[in-house]
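# build me a model from this:
(chains A and B)
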Amino acid sequence: MTPDPDDDLQADLYVLGLLDPAEQAQAEQRIESDQAFAVLVAAAARRLAPIDDTAEPVPLPDGAWERLERRLASPVELAAPPLRPADRPAANLNRSVWRMVLGVAAALLLTLGLAWPFLTGLPSSRTEPAAIAVLLDPEGAPFALIEDFGGGEVTVTTLASYEVPAGESLQVWTKWSEEVGPVSLGVLDEFTGAPVGAEGLPQPIAGQLYEITLEEEGGSVTGRPTGPILGVGRASIPG
Amino acid sequence: MNDSDQRLVRDIQSCAHGDRSAMRRLFDSEGPRLMAVAMRLVRNPVLAEEAVQDTLVKIWTRAATFHPDRGAARAWLTMILRNTALNILRAERRQDHAVDGDIETLQDRTTVDDTEAVLQALDPTLRLPLCLGALEARRRHAILLAYVHGYSQGEIAGRTGLPLGTVKAWMRRGLQQLRECLG
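The predicted model follows:
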């Protein structure tokens, strides 16, 4: 493809932060949808990046770590929207489907939430989940749905297929506080919908983390996730 | 990837697991560098810390979407930081405009004549200092004011006393030369 010389300039101006708001919005949209342009932006960023290395390191102000820690523990922060296109490296094009996938995930969540009593075929007297989370795989595609009914009762519904390698297991985790850290909800030998859970868990909260990792057979011996994350998501409270 | 890059990738992956000690290591190892870049852009320690904090929170919540094989970790962090800081700068600029309509308010608080020092400080084994050095001084100055300090073209015009159209033309020509030189 013949590169448009004007696109080179637009990419440079975008990296320099010199586009006017309308052009900037357009550039961000193109980074999402136009791979050739995204590559130009990444190249422009790479060309100029050595300039950042000339800055003499500046210590952060006193208390900066404590302020950051407070933010990391805040459910508001944890439920933060995904990175805007402009915040992501343009070369990572596969991630540009993020926004779309999140839209799909949100719609899915809504549908499942609304249709839940019908889908499960359970008597409507059964309690609705106290929290649901769509776990996305590293590419941003839906991987599993978590429904947390509170009291340690959790179900996993698969939204993708995954073959567990021989000698390994899947492990489901949740984390609601930094102090407690990740807690295992159970080990799955194959990726099928299954109830999992643990005794004595608190009521789920918005933003609570759920993830499924690949661990050695029978689950992580350290009691903490050690393997790659296959799906991760944060809880929404229905209704 | 060198050792420090590998450590960084590991720490980002651990952040995806919610490992706060990994974030602490990231804060310690990358924080001062990010703060330095942010300070050059927003030139205010409170706003610079805000940019760094916003960046690290984004990394904390989005670490699972980072793949070490795609783009260097440090470049990823810097890209997020730069965009965050530029957005803060734009918001500040809008506020300044709302107050007194003076294009120069934000940037004029400090004098910025360090663009030649930036050129001198560039890693001499790279092609970039050579190519920047080959530019006409005024074009180089304009590009560096924008990249290093987040100046808008209007601010550069205000600072140099030149018409906006002239600044835009320099910028275009300078960037094109730079691209050709860096090939």
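
# from now on I want contacts and neighbour counts done on CA atoms only, so please keep to that.
OK.

# let me see the domain layout of chain B.
Listed domain ranges for chain B are B:3-100, B:111-182 (source: automatic domain parsing).

# make JSON lines out of the ones you listed and add mean neighbour count, distance to chain A and mean pLDDT.
Output for these, formatted as JSON lines (neighbours: other CA atoms under 10 Å in any protein chain shown; distance: least, CA to the nearest CA, whole Å; pLDDT from 0 to 100):
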{"stretch": "domain B:3-100", "mean neighbour count": "20", "distance to chain A": "5", "mean pLDDT": "85"}
{"stretch": "domain B:111-182", "mean neighbour count": "17", "distance to chain A": "5", "mean pLDDT": "92"}
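
# distance-wise, check residue A:54 relative to chain B.
For residue A:54, the distance to chain B equals 6 Å [CA to the nearest CA, to the nearest Å].

# what's the neighbour count on that residue?
Using other CA atoms under 10 Å in any protein chain shown, residue A:54 has 19 neighbouring residues.

# same deal with residue A:151?
If we define neighbours as other CA under 10 Å, then residue A:151 has 15 of them.

# could you do the one 5 residues further on as well?
Using other CA under 10 Å, residue A:156 has 23 other residues around it.

# any idea which residue sits dead centre in chain B?
Centroid-nearest residue in chain B: residue B:82, 4.3 Å away (criterion: CA atoms, centre = their mean).

# helix or strand: which one has that residue?
Assigned by DSSP states H and E, residue B:82 belongs to helix B:73-100.

# what of residue A:215?
Per DSSP H and E: strand A:209-216 holds residue A:215.

# which one is the residue nearest to the centre of chain B nearest to, not counting chain neighbours?
residue B:38 (7.1 Å; CA to CA, 6 or more residues apart in numbering or on different chains).

# nearest spatial neighbour of residue A:182, chain-adjacent residues omitted?
residue A:175 (4.4 Å).

# so, low pLDDT: which residues of chain A?
Scanning chain A for pLDDT under 70 picks out the ranges A:1-3, A:75-127.

# how about residue A:147, phi and psi?
Phi and psi for residue A:147, reported as degrees, to the nearest 10, are phi -120, psi 120.

# check the one 5 residues further on too.
Residue A:152 adopts backbone torsions of phi 80, psi 10, taken as degrees, to the nearest 10.

# so after the helix or strand where the residue nearest to residue B:82 lies, what's the next helix or strand?
Following DSSP H and E, one finds residue B:38 within helix B:20-42. Counting by DSSP H and E, the next helix or strand C-terminal to helix B:20-42 is helix B:45-62.

# which of the three states applies to residue B:120?
At residue B:120 the chain is in helix, as set by DSSP: H, G, I helix; E, B strand; the rest coil.

# could you find the closest non-adjacent residue to it?
Going by CA to CA, 6+ apart, residue B:120 has residue B:129 as its nearest residue, at 7.7 Å.

# a strand runs through that neighbour, doesn't it?
No. Counting by three-state DSSP, residue B:129 falls outside a strand, being helix.
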